[in-house]
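Engineer: Okay, predicted coordinates and the sequence, questions at the end:
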Amino acid sequence: MIVSYFGQAFIKVQLGDLTLAFNPISKEADLKLSRFGADIAFVSSEVPEANGVESVTYANKTPFVINGPGEYEREGIFVRGFASEGEGASQNTIYTLTIDNISICHLGLLKNPNLPTETVEELGSIDLLFVPIGDGPVLSPKEAAKLATSLEPKMIVPIMIDLDDGTALKNFLKEVNGEVKPIDKLTIKRKDLESKEEVVVLKADN
């Protein structure tokens, strides 16, 4: 499984010919776009920075769009979406799924770190967690670190790290694991996951 980061909350997960896109950036966001074809597109928030389904409709691929809380099944993948709070108490959707025997949780554009106990329990065991840390419209670095560690994932990948001059990422790393050298892409298999928590910083490919 190969994981790439395109800025904001935009994550690409690829396993063979299967491509998943989380929160693709819309052309309406006035940001540089990265275009590719996805089989499934996940939209956590109806803001231009996260609802650009058109940017992952490409070549011969038109994605199946998952947008909002509920249960979904596509391409043999079972997905759950959980309601949470984004900026200004707007709805944000947290997504969980398992692919290649690795459980993934993407917190979307989460602003309120106080998840209901029931939601935390239903998220279950998490291998790979994507957590927004950019402050402002999403969690602050301190809130993100506290929530991420409380969910006890095997691996934490901070997102929304391009909202400032790098201060948010620096503060987040101080809270969780000190310095981490950014990498271009994350290639991961089930056997690579250790029992201890690890932080991976991905360079934004944009």
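Structural biologist: Received it, and whenever you're ready, just let me know what you need.

Engineer: Name the residue most distant from the centre of the protein?
Structural biologist: N60 (24.8 Å; Cα atoms, centre = their mean).

Engineer: any idea how far the nearest residue to that one once chain neighbours are set aside lies from V65?
Structural biologist: Spatial nearest neighbour of N60, chain neighbours left out: G37 (6.8 Å); criterion: Cβ to Cβ, 6 or more residues apart in numbering. Every residue, glycine included, has its C-beta placed from N, CA and C. Separation of G37 from V65 (Cβ to Cβ, to the nearest Å): 13 Å.

Engineer: who has more neighbours, these two?
Structural biologist: Remark: of G37 and V65, V65 carries more neighbours, 18 against 14, as counted by other Cβ atoms under 10 Å.

Engineer: Quick check: beta-bridge partners of the residue lying closest to the more buried one once chain neighbours are set aside?
Structural biologist: Once flanking residues are discounted, V65 sits nearest to A41: 5.1 Å by Cβ to Cβ, 6+ apart. Beta-bridge pairing for A41 (DSSP bridges): A21, V65.

Engineer: What's the per-residue pLDDT of A41 here?
Structural biologist: pLDDT, A41: 97.

Engineer: Dump the helix or strand containing S84 to PDB, restricted to CA.
Structural biologist: Secondary structure from DSSP states H and E places S84 in strand 77-85. What follows is strand 77-85 as a C-alpha-only set of coordinates in PDB (Å, rounded to 0.1, in the frame of the first residue of the first chain):
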ATOM      1  CA  ILE A  77     -14.100  -2.400   1.200                       C
ATOM      2  CA  PHE A  78     -16.400  -1.700   4.200                       C
ATOM      3  CA  VAL A  79     -16.400   1.900   5.200                       C
ATOM      4  CA  ARG A  80     -17.900   3.700   8.200                       C
ATOM      5  CA  GLY A  81     -18.500   7.400   8.500                       C
ATOM      6  CA  PHE A  82     -18.900   9.100  11.900                       C
ATOM      7  CA  ALA A  83     -20.400  12.600  12.400                       C
ATOM      8  CA  SER A  84     -18.200  15.100  14.200                       C
ATOM      9  CA  GLU A  85     -17.600  18.800  14.400                       C
END
